[in-house]
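Undergrad: Coordinates for the following, if possible.
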Amino acid sequence: MREATGASAPTRSDAHVLERSIGFLLTAVQHVARPMLTHPTPCSAWDLNTLLLHVGDSLAAVHEGLTAGRIGIRPVAADLGGDPVSALRVRAVRVLRHTMASSGRPGRGAETAAVGDRCLPVAAVTGAGALEAAVHGWDVAQATGARRPIPADLAADLLDVSRTLSPPCGRLPLFGAPVDPGPHASAGDRLVAFLGRRPMS
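TA: Residues are numbered from 1 along each chain as shown. Below is the predicted model of the structure:
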């Protein structure tokens with residue numbers, strides 16, 4: 001992602017994509033039961049428990065970037081008795097509350113977010129959060145057996161985001177190399193294939 005020193009607050013459109021992505025993620029985690037936490041996921045090195053912890057950490061980073069203008073190395077703890085789904089939900093709600101209160105309103109949130117020695121426009125943080133929430137929501141749905149696709153309109157919006165934030169040359173190890181989705185693939189299948197996942201048959 002490119003550096004920036006003075007981007008505007010996220011637009012309503014940016015925030016709406018993030019909110020829809022988080023909504024999809026929250027629907028996916030409704031199907032998680034504790035015995036499923038050891039299930040494999042499309043992220044080959046992670047079981048479902050590890051994936052949920054990662055997504056929770058990502059949501060905490062998005063919230064920190066949007067509210068504090070920086071993203072630290074370690075997320076703020078969300079100690080909920082070792083329940084990764086509850087921790088994820090708490091962090092998702094924090095992001096949603098902030099975006100609904102501040103989107104498109106100057107002065108209601110950070111304009112840029114410092115990540116190490118880089119300064120990112122808040123729109124990049126919002127886009128990255130939306131991409132993580134939706135694609136990992138799809139991963140969760142595969143791991144639980146729900147196999148719910150990403151909605152076509154959301155996937156179409158995220159395809160544009162993914163090509164900007166996750167070019168093939170700079171994605172590893174966060175996402176795999178693109179795979180062929182097939183000639184008649186839906187927008188959702190094209191999105192997950194672009195990010196290294198095998199679409200649902």
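Undergrad: Helices along this structure, start to end?
TA: Ranges of helices in the chain, per DSSP state H, are 12-29, 48-68, 84-102, 122-144, 152-165, 187-194.
Undergrad: Just give the closest residue to the residue nearest in space to the middle of the chain, not the sequence neighbours.
TA: The chain has E132 as the residue nearest its centroid, 1.9 Å off, counting by C-alpha atoms, centre = their mean. Ranked by C-beta to C-beta, 6 or more residues apart in numbering and with sequence neighbours excluded, the top spatial neighbour of E132 is S58, at 4.7 Å. From N, CA and C alone the C-beta is placed, and that goes for glycine too.
Undergrad: Any idea how many residues pack against G129?
TA: The criterion is other C-beta atoms under 10 Å. On that basis, G129 has 25 neighbouring residues.
Undergrad: Quick one: residues contacting it.
TA: Contacts for G129 were tallied using C-beta atoms under 8 Å, 6 or more residues apart in numbering; they are L18, S21, I22, S58, L59, V62, V95.
Undergrad: Next, find the distance separating the last one from H39.
TA: Noted for V95: a distance of 26 Å to H39, by C-beta to C-beta, to the nearest Å.
Undergrad: Neighbour count: the two, which is higher?
TA: Neighbour comparison, V95 and H39: the larger count goes to V95, with 26 against 17 (by other C-beta under 10 Å).
Undergrad: okay but the more buried one is in contact with T67, surely?
TA: No. V95 is beyond contact range of T67, at 9.3 Å (criterion: C-beta atoms under 8 Å).
Undergrad: Below-threshold pLDDT in this protein: ranges please.
TA: Along the chain, the parts satisfying pLDDT under 70 run over 1-12, 73-81, 103-110, 166-174, 201.
Undergrad: close enough to count as contact, V115 and I71?
TA: Yes. The pair V115 / I71 is scored as a contact, 4.8 Å apart, by C-beta under 8 Å.
Undergrad: quick one: common contacting residues for these two?
TA: Counting by C-beta under 8 Å, 6+ apart, the residues touching both V115 and I71 are G65.
Undergrad: who's more crowded, these two?
TA: I71 (20 against 17).
Undergrad: wait, what's in contact with the more buried one?
TA: With C-beta under 8 Å, 6+ apart, I71 has these contacts: A61, E64, G65, A113, A114, V115, V125.
Undergrad: Spatially, which two of these are the most separated?
TA: A61 and A114 (12.1 Å; C-beta to C-beta).
Undergrad: These two: which is more packed in?
TA: Between A61 and A114, counted using other C-beta under 10 Å, the more crowded position is A61 (25 against 15).
Undergrad: Please point out which parts of stretch 180-188 sit buried.
TA: Within stretch 180-188, the residues scored as buried using 16 or more other C-beta atoms under 10 Å are P181, S186, A187, G188.
Undergrad: Pull the contacting residues for the second one.
TA: What it means is S186. P149, A152, A155.
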